[in-house]
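# sequence below, structure please.
(chains A and B)
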Amino acid sequence: MTDTPTVVVIGGGSTGTGIARDLAMRGADVTLVERGNLTHGTTGRMHGLLHSGGRYAVSDQASAKECIEENRVLRDIASHCVEMTGGLFVQRPEDPDDYFEEKLRGCRECGIPAEELTAEEARAVEPFLAKDVKRAIRVPDGAIDPFRLCVANAASAERHGARIETHAEVVDVLRDGGEVVGVEVEHASGPGKRTSPANAASGQRTHQASGTTEEIRADYVVNASGAWAGQIGDMAGVSVEVRPSKGVMVIMNTRQVDTVINRCRPKGDADIIVPHETTAILGTTDEEVEDPDDYPEEQWEVDLMIDTLSELVPILKGARTIRSFWGVRPLYEPPGTGTTDPTDITRDFFLLDHEERDDLPGMTSIVGGKFTTYRMMAEKISDHVCEKLGVEAACRTAEVPLPGSEDAGVLDDYMESFGLRSPVARRSAQRLGSRSREVLGGWSGANPVVCDCEAVTRAEIHDAIEGSGTDLNAVRIRTRASMGNCQGAFCCHRMAQELHPDHDERTVRSALDELYQERWKGERHALWGEQLSQAMLKYALHATTMNRDGDPAARDEAVDFGAFDAGPAAEAGSADASGDRAATDGGDRAD
Amino acid sequence: MPIREDVLVVGGGLAGATAALSAAETGASVRLVSYKKSTLRFASGFVDALGYAPDGEGPIADPFEAIAELPADHPYSVVGEDAVREGFELFDGVVGDAYRGGHTDANALLLTHGGTVKPTARYPESAAPGLASDPRDALLVGFESLTDFDAPLAARHLSAAGVPFSVEGVTVSFPRRFRADAKVTRFAKALDRDERADGAGTRRALAETVAPHLGAAERVGFPALLGDERADEVRADLEAALGAEVFEIPTGPPSLLGLKLEDALYSALDEAGVRISTGNPVVDYEADGERVRAVYVDRKGQRVPYHAEQFVLATGGLVGKGIDSGRGGVEEPIFGCRVPHSEDRYDWFEDDAFGDHAFARFGVVPDAELRPTDEGGGPHFSNLRAAGGVVGGADFAAEKSGGGVSLATGLVAGRNAGEEAT
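This is a model prediction of the structure:
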């Protein structure tokens, strides 16, 4: 091949963005297409655990070894996305002793640093652990922000010339002479559509017209659409038997624990608590679903998380949850394996080359796998693609830090530098990492806090808008704005307002509506106690104070302004009542 | 000496204050017990009557006409139209010149900081020049560092809403520089004190900043931060310097207009001789069969009884915590009064964020006397009445009816309690 080889990657999750980065760094001309915003599928709907591998140390040692290896890589290349909280596998009196021993041994066999703690020692680490826990194993689990990680991968890919096209749903896989030659995408309408940097090098931005379709031709297509891989497969006429499995995550209003807490028993629902930013996330369940876009989200699942995990951390029983969400794992097993319980399906990933498998050259699907090992998966599939395309460059993603993690020392002293109060500065710097100076220092106007709960300033919001256009949910995942306790009650409209005047009033309004409805989707699952009070306050602020539900600009019928109170003077029938009242004496309000 | 009153009101918001004032008018001795600051600091300061019908139809021009159409379990239907009118009359007496709107039955349409207009019945005098039915052209002014109000965007939004005047918006920097995320109260203080800014007083400096943008506008709207203690002076100075009328647009919390309303209510309570105990929660009660004898206030761990002949429960709705909930159900936490709700938590809400939420109507079920009732429909107690947000049956946020419901039910509950006690 003489020209630069072109590749289309389908899917803007961790795997897709990881592949896009890897291939772009090796010199391929990459276009990534994603039907929603980045992380829209499974990546944005997980508990944010950076595995130590401890979880798989008994059941799947190969995975466990990959996990600890990648755990170390990510701490290095994605330091601004990772918080090394440490993790505990906690045994309750009713949990089996032999499993505990096996876990400890398994960790050591896999090279996972593991230390046995007595109950007292474990409670010294996490004071809210139940009084009757028996003992624990300490492992290097961590918390990772999947949003920040994907955005950083996409940003790095763009820096290497890739095109990242969000809100572009694949509607067809193009074939020519028995070979896959590209995809056809439909650009979505509405505020979600991103103004995309079609040519990052020249800094030019083009806007893909909403509702239009586009054929993107490529030398190779990578199907990294996870739980949706079967649907893409159908378009190409091949069968990819993904077995989507849903899991619930319940978000608490505060960090009841600062360490990842795992239940040390063979398997079961509701066995992990991950501290994540200002919250703690309880997880999860494992239930096979037919359709990854349409499955029930049920009360019992939320209740199960709280009731079961409070056996480990009793204060969860009465604590406040702020929302719940569900994610769909893209589980896969080769045809004929026949596992019935989704919990038993391997977490390993599979590279399905459709040329070898289905006699359809030009496309490979990647299914299964785990978030923690996304980079390794991306490396393997990129190796595969490069081999097909004759690209010889080697993978560098394990060594080159992601944008934001390039200079570890940069987080040191932001307290004063940008005129932000110190907790705000600290939170900003934690999110932005080595980009702090560029984002905060490059902002010239007033820089007030837009989201109080998460301490997000205007400069950071504008940086996100620059990266994601008018999609406020994309701004949200980049900044955490509207993800705190108030769930956007005080800041949804403020975030939207920052779009103006670059975007018109109508666009701002629909962007706000979209964000507001998205927030509500998760809040619905936390509507009792404090959070129901909070939801009522939010409803009152937006409906009573702002009348957003009765907005005449959004309604069909025009308002008859003449039928309403125009002031006492108008009432008295004085035609020129208002005229020059103020202009002459400025203070006459004796009416 | 034990604390004993004719009427004891639990709750210090608009409904509690109204109930206490209306009870005091009957000649009864009244005490008001309130735990925290009222939710008025979250409120716009507008006092709504009824802006939209329960089916969403609206905005309603004449709220009193629409009351007759409400369902039987709506608090307005329970107390009747006359009580709503009397409630507003009582309010007008309390706030005097500080509020407008009493000259007509019609609703007014006021500008909101979200760029919409909303129907309301009473509005602060400082908001009056901003009426949306007034045809004079307007300029809206926002401040760079105040993220709650984007004036140019609000102007575009109002134009899209079809307001009968031309409206422009401008964002300026406030002449006095504060740290970037200073609250509205800090802006108000600078204007109150007329602190030095850019070589002049803040008021003059602000007027000079705004003047070049005035154009043909005859009125100028600012976010509601134009002074606190000396607000009248601030506005008069700005109007004189700008040669245009000046008005305020309420913003989100902390709301100065809401806090000013709270001040006005507490002055009226003082004048009416109502005793006020604040800062401690009511945690329990003592009953003698059908009658409440006392409520217990938790004063730093010590349970102090407050005796009375009659009691009014005005503890608010979900926001004020007059209604409490858990995963298992919904309750009125002090007396355990019945709050109807589905057993299935997932029936409490709709999937649309602005849907017809059941939770928004959670509250006790009053009889004709406003006494909370039990399963059988009889009152829990013969001498306990309820007023305001704790009463169910109205979605005040959707209807824009919260103020009026508090006034009408407060008036009736307080008056009946006072008359029966004396």
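
# report all helices and strands that the longest helix seen in chain B contacts.
In chain B, with assignment by DSSP state H, the single longest helix is helix B:402-421. Applying 3 or more CB pairs under 8 Å, 6 or more residues apart in numbering or on different chains; DSSP states H and E, one finds that helix B:402-421 contacts strand B:3-10, helix B:14-25, helix B:75-79, helix B:81-95, strand B:302-313, strand B:384-386. Where C-beta positions appear, they are placed from N, C-alpha and C, glycine not excepted.

# next, the angle helix B:81-95 makes with it.
100 degrees (axes from the mean of the first three to the mean of the last three CA atoms, to 10 degrees).

# run the angle between helix B:402-421 and strand B:3-10 for me.
150 degrees.

# identify each buried residue in helix B:402-421, please.
Using 16 or more other CB atoms under 10 Å in any protein chain shown as the test for burial, helix B:402-421 gives B:402-421.

# so does the lowest-mean-pLDDT helix or strand in chain B get close to chain A?
Least confident helix or strand, chain B: strand B:196-197 with a mean of 88, by mean pLDDT, DSSP states H and E. No: residues of strand B:196-197 contacting chain A under CB under 8 Å from any CB of the partner chain: none, with a closest distance of 15.3 Å.

# direction included, what does that strand pair against?
strand B:200-201 (antiparallel) (DSSP bridges).

# and the next helix or strand past the strand it pairs with?
As assigned by DSSP states H and E, the chain's next helix or strand after strand B:200-201 is helix B:202-210.

# got the buried residues for that following helix?
Those buried within helix B:202-210 under the rule 16+ other CB under 10 Å are B:202-207, B:209-210.

# ok, and what's touching it?
B:139, B:141, B:170, B:172-176, B:190-191, B:193-200, B:220, B:234, B:237-238, B:241-242 (CB atoms under 8 Å, 6 or more residues apart in numbering or on different chains).

# same thing but 7 Å
Contact partners of helix B:202-210, identified using CB atoms under 7 Å, 6 or more residues apart in numbering or on different chains, comprise B:141, B:172, B:175-176, B:190-191, B:194-195, B:197-198, B:220, B:234, B:237-238, B:241-242.

# show me which of these are buried.
B:141, B:175-176, B:190-191, B:194, B:197, B:220, B:234, B:237-238, B:241-242.

# in a markdown table: these, plus secondary structure.
Below are these laid out as a markdown table (DSSP: H, G, I helix; E, B strand; the rest coil):
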| residue | secondary structure |
| --- | --- |
| B:Val141 | strand |
| B:Pro175 | coil |
| B:Arg176 | coil |
| B:Ala190 | helix |
| B:Leu191 | helix |
| B:Asp194 | coil |
| B:Ala197 | strand |
| B:Val220 | strand |
| B:Val234 | helix |
| B:Asp237 | helix |
| B:Leu238 | helix |
| B:Ala241 | helix |
| B:Leu242 | helix |
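
# pull the distance from the longest helix seen in chain A to the chain's centre.
Secondary structure of chain A per DSSP H: the longest helix is helix A:505-523. Helix A:505-523 sits 17 Å away from the centroid of its parent chain (CA atoms, centre = their mean, to the nearest Å).

# now swap in stretch B:378-387 and tell me
Put simply, stretch B:378-387 sits 24 Å off its chain's centre (CA atoms, centre = their mean).

# got the contact list for A:Gly6?
You called it Gly, but residue A:6 is Thr. A:29, A:218-219.

# looking at this, A:Glu215 is in a strand?
Yes: under three-state DSSP, A:Glu215 falls within a strand.

# let's verify the closest residue to it other than its chain neighbours: helix, strand, or coil?
Among residues not flanking A:Glu215 along the chain, A:Glu184 sits closest, at 5.0 Å (CB to CB, 6 or more residues apart in numbering or on different chains). Counting by three-state DSSP, the backbone at A:Glu184 sits in strand.

# buried stuff in stretch A:350-367?
Within stretch A:350-367, the residues that count as buried by 16+ other CB under 10 Å are A:350-354, A:358, A:360-367.

# hmm, who's touching the least confident helix or strand of chain B?
Contacts of strand B:196-197 (CB under 7 Å, 6+ apart): B:175-176, B:205.

# if we can go back for a sec, for A:Ala566, which of the helices and strands packed on helix B:402-421 is the nearest?
helix B:81-95 (19.1 Å; CB to CB).

# perfect, that will be all.
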